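Undergrad: Structure, please.
(chains A, B and C)
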Amino acid sequence: MDKQYEVIMAGFGGQGVMSMGQLLAYAGMLEGLQVTWMPSYGPEQRGGTANCTVILSPRTIGSPVVERPAAVVAMNLPSLDKFEDRVREEGLLVVNATLAGRSVRRTDVRALSIPATAIAEEIGNDRVANMVALGALLEITRLVRPDSVVESLTKALPPHRHNLIPLNQDALRRGMELARHGARRPAC
Amino acid sequence: MRVAFERPAGLTDCPTHYCPGCTHGIAHRLIAEVITELGVADRTIGVAPVGCSVLAYDYFDYDMIQASHGRAPAVATGVKRALPDRTVFAYQGDGDLASIGMAEIIHAAARGENITVIFINNAIYGMTGGQMAPTTLLGQLTTTSPAGREAPREGYPLRVAELLEQVRGVAYLARYPLTKPPEIGRARNAIRKAFQTQLAGKGFSLVELLSTCPTGWGMTPREALRWVEEVMVPYYPPGEFRDGPEDPGGGPSRKRVG
Amino acid sequence: MEELVLMKGNEAVGEAAIRAGCRFFFGYPITPQNEIPEYMSHRLPQVSGVFVQAESEVAAINMVYGAAAAGVRVMTSSSSPGISLKQEGISYLAGSELPALIVNIMRGGPGLGTIQPAQSDYFQAVKGGGHGDYRLLVYAPSTVQEMVDLTGLALDRADHYRNPALILGDGLLGQMMEPVNLPPLSHPEDLPVKPWATDGRRGGPKRVINSLYLQAEACEEHNRRLQAKYREMEAGEQRWEAAWADDAEVLVVAYGTVARICRTALEGLRDRRLAVGLFRPIALWPFPGPALAGLLQRGRIRAVLVAEMSAGQMVEDVRSVVCGRVPVAFYGRTGGVVPSPEEIGQHVTAVYEGGAINAGCL
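TA: Take a look at the predicted model:
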């Protein structure tokens, strides 16, 4: 990594957008990067969308507030509506197609629409939709190695939850595969 | 020559500023005698309030902390939590404890803080010049209830012992008037039991002492004592309200709700 | 090699306090600092410490007062409205010369305000807050690592001066996560003893913790002693950081979260060859005025811009240092709105280009 990269991740509360961001930050830390994870907090947490900003950088991170992020991961329609316009030109927009219900309107960004929730249900638990999305993000951006994410999971999860790691690994892998093979701009 | 009467160990050789006929001096003396008797003077920490007894830190010969108005139970909580093997007492008046400090006293009691509180109820704000207290009786004249306290206007006097009786966490609770020697003897006994409760680690203890304020009440010392007996005692009945924790087992098993 | 851990600012403050030998926490819930009491409630028992959720902020600060009087390292935390409630107790701590750590994770005000981040408690923190002539040591971290470092420092300096110290953070710093290096765990028994503490006479003379002086002359003498101590703090405890100050023509002054937003903005401007620099007070009291004056004396700086998440509080201290030598502009957002690097950049550029020097000036 030679310059700073920012991602905003957004979705319903319970979709695991906060933990997805924390895992990315943790993995970045393990790889020796400077990282900042900043959550939205307050009224918007309840009922509406939750979001967090993750910054990874080879250098000291200044502002934790990012107006125009390099990437957005939108896990539902309200998140897509709220953040689509914020992505930088030439940036990346990862959308959970299962819950977005519309396609991306921007033509100046790279859009990746994946059925993250559907895939997660297919492999056994819709709560790992976040990992499918994270896998897709990493496949495109190569921000951190998937191994680092798994190592982060091992460190972040309490031992009695370690049985969930294979499922998460699976979801991560499926997301990466989708990004590699199936990702294209869906027709409007 | 036999010494018939002397200053007890535990009080300093400092003349108090209390008015003639005020029973603060008796209350101080009883506390000092009990602490000496229990042999804990060297590890006692007292907390003085705001009010007439604000200078109690000068009169007691223990390590003393002066607290802000109403907060003595919180300050005592801090001391006791930091030093659980020390004996910690708070000395509070009625304005301090039952008005501005009501939250602190109720919650210290509810937590079962292992401290002892000596509560001086003289039905008036003495230090500030005789204003109405939360324990001022109906009909009583004060500088802020000049027509006499009336329930529709100023509300009812609070019975602190009865209020605290409802609170689990209280391990010892009593009220006695500081009037005649037999009553003072009972008060002394209650103070001893309160400190013994603390030494046994049983929880929160409080003794309410019905006291005089001849200056604030506009009475002679003798009239003041009679007023305690004839007017205060009927409204604030003396006795032991609790002797021993209601819940010696420490409550229900630990279980997370929700 | 020390291990990095990823922590929320609020949790980092709690862990740092424990590492610095603090084993006592008294607090009351309020957003956005709830992670501090929550963290302490599970962490302190692991190190034989004590956590008490008090019935109010007022009770909490008085528990702190009691524990400090007993001689232990002790802390509380809250957010703006709760810190207002603690002010009487803080004044008592200062008046009785008791060391304690108070953490304010600021939110927007006045009144109930908002739970979003703000810096509008600067006056309250550095100009008094409670009644009487007193000062707090006030530290303003701008990263999670600094939350850790300054918490340890604040506890140490508080003990050294027998004076309460305040960490002035904001909701953003409290909520965000960054990697931190934690210092090793220190043990309370290894800390210097406090012979003044009221922990039971145990054979010695009685000691009194008190801020009451019935005689005016005695109270004035007490105030003289306090003021002498504050002068000592002013001489020894100023802390700041400067970036690109050597060639700066416009100097931006900011602290905490806003300082790092300014840093990003200034990086962008310097890429465009604008000679702009940053001065970041780390201690807000004592205010690092001499260091700021030193930069001005070099003669290159032609304007100063102060940026805050307030309607203009620290700017008053900056103006008193600058003392009219160059214009001082101000840019602030209030009510919980966090400025973006872009909007800061625009205002710095406007000042740099000589226009709008008074834009936003109070």
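
Undergrad: hey, where'd the strands end up in the stretch 151-300 of chain C?
TA: Secondary structure of the stretch 151-300 of chain C (DSSP state E, counting those that start in this stretch): strands at C:165-170, C:177-181, C:208-209, C:240-243, C:250-253, C:276-281, C:283-285.

Undergrad: check contacts around whichever residue of chain A sits closest to chain C.
TA: As assessed by CB to the nearest CB, chain C sits closest to A:Gly62 within chain A, at 3.3 Å. Where you see a C-beta, it was placed from the backbone N, CA and C, and this is true even at glycine. Under the criterion of CB atoms under 8 Å, 6 or more residues apart in numbering or on different chains, the neighbours of A:Gly62 are C:260-265, C:267, C:341.

Undergrad: These into JSON lines, with extra columns for neighbour count, distance to B:Glu150 and pLDDT?
TA: Output for the contacts of A:Gly62, formatted as JSON lines (neighbours: other CB atoms under 10 Å in any protein chain shown; distance: CB to CB, whole Å; pLDDT from 0 to 100):
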{"residue": "C:Arg260", "neighbour count": "26", "distance to B:Glu150": "62", "pLDDT": "98"}
{"residue": "C:Ile261", "neighbour count": "27", "distance to B:Glu150": "60", "pLDDT": "98"}
{"residue": "C:Cys262", "neighbour count": "31", "distance to B:Glu150": "62", "pLDDT": "98"}
{"residue": "C:Arg263", "neighbour count": "23", "distance to B:Glu150": "66", "pLDDT": "98"}
{"residue": "C:Thr264", "neighbour count": "21", "distance to B:Glu150": "66", "pLDDT": "97"}
{"residue": "C:Ala265", "neighbour count": "28", "distance to B:Glu150": "66", "pLDDT": "98"}
{"residue": "C:Glu267", "neighbour count": "20", "distance to B:Glu150": "71", "pLDDT": "97"}
{"residue": "C:Pro341", "neighbour count": "23", "distance to B:Glu150": "65", "pLDDT": "96"}
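
Undergrad: Please report the distance of C:Gly109 from C:Ala307.
TA: 19 Å (CB to CB, to the nearest Å).

Undergrad: helix or strand for the residue in the stretch 51-200 of chain B that chain A sits nearest to, which one?
TA: Nearest residue of the stretch 51-200 of chain B to chain A, counting by CB to the nearest CB: B:Ala103, 28.2 Å away. Here B:Ala103 is covered by helix B:102-110, with elements defined by DSSP states H and E.

Undergrad: Kindly report the same for C:Val148.
TA: Since the elements are taken from DSSP H and E, C:Val148 ends up inside helix C:144-161.

Undergrad: now swap in A:Ala136 and tell me
TA: Following DSSP H and E, one finds A:Ala136 within helix A:129-141.

Undergrad: ok now that helix, how far from the chain's centre?
TA: How far helix A:129-141 lies from its chain's middle: 6 Å, per CA atoms, centre = their mean, to the nearest Å.

Undergrad: tell me the mean pLDDT for that helix?
TA: Computed over helix A:129-141, the mean pLDDT rounds to 97.

Undergrad: list the buried ones in it?
TA: Within helix A:129-141, the residues that count as buried by 16 or more other CB atoms under 10 Å in any protein chain shown are A:129-141.

Undergrad: Determine the number of other residues adjacent to C:Ala228.
TA: 9 (other CB atoms under 10 Å in any protein chain shown).

Undergrad: Next: C:Arg224.
TA: Using other CB under 10 Å, C:Arg224 has 10 neighbouring residues.

Undergrad: Could you check the pLDDT of residue 45?
TA: Just going to use chain A. pLDDT, read off for A:Gln45, is 52.

Undergrad: ah, I was thinking of chain C
TA: pLDDT, C:Pro45: 97.

Undergrad: again, but for the one 4 residues further on
TA: In the prediction, the pLDDT value recorded for C:Gly49 is 98.

Undergrad: In this structure it contacts C:Ile18, no?
TA: Yes. Taking CB atoms under 8 Å as the definition, C:Gly49 is a contact partner of C:Ile18 at 6.9 Å.

Undergrad: out of the two, which sits in the more crowded spot?
TA: Taking neighbours as other CB under 10 Å, C:Gly49 and C:Ile18 compare with C:Ile18 leading, 24 against 19.

Undergrad: Where do the helices of chain A begin and end?
TA: Using DSSP state H, the helices of chain A run over residues A:17-30, A:77-83, A:97-100, A:116-122, A:129-141, A:146-156, A:165-177.

Undergrad: Let me know the angle separating the lengthiest helix in chain C from helix C:144-161.
TA: Looking across chain C with DSSP H, the single longest helix is helix C:216-236. If you take axes from the mean of the first three to the mean of the last three CA atoms, to 10 degrees, helix C:216-236 sits at 140 degrees to helix C:144-161.
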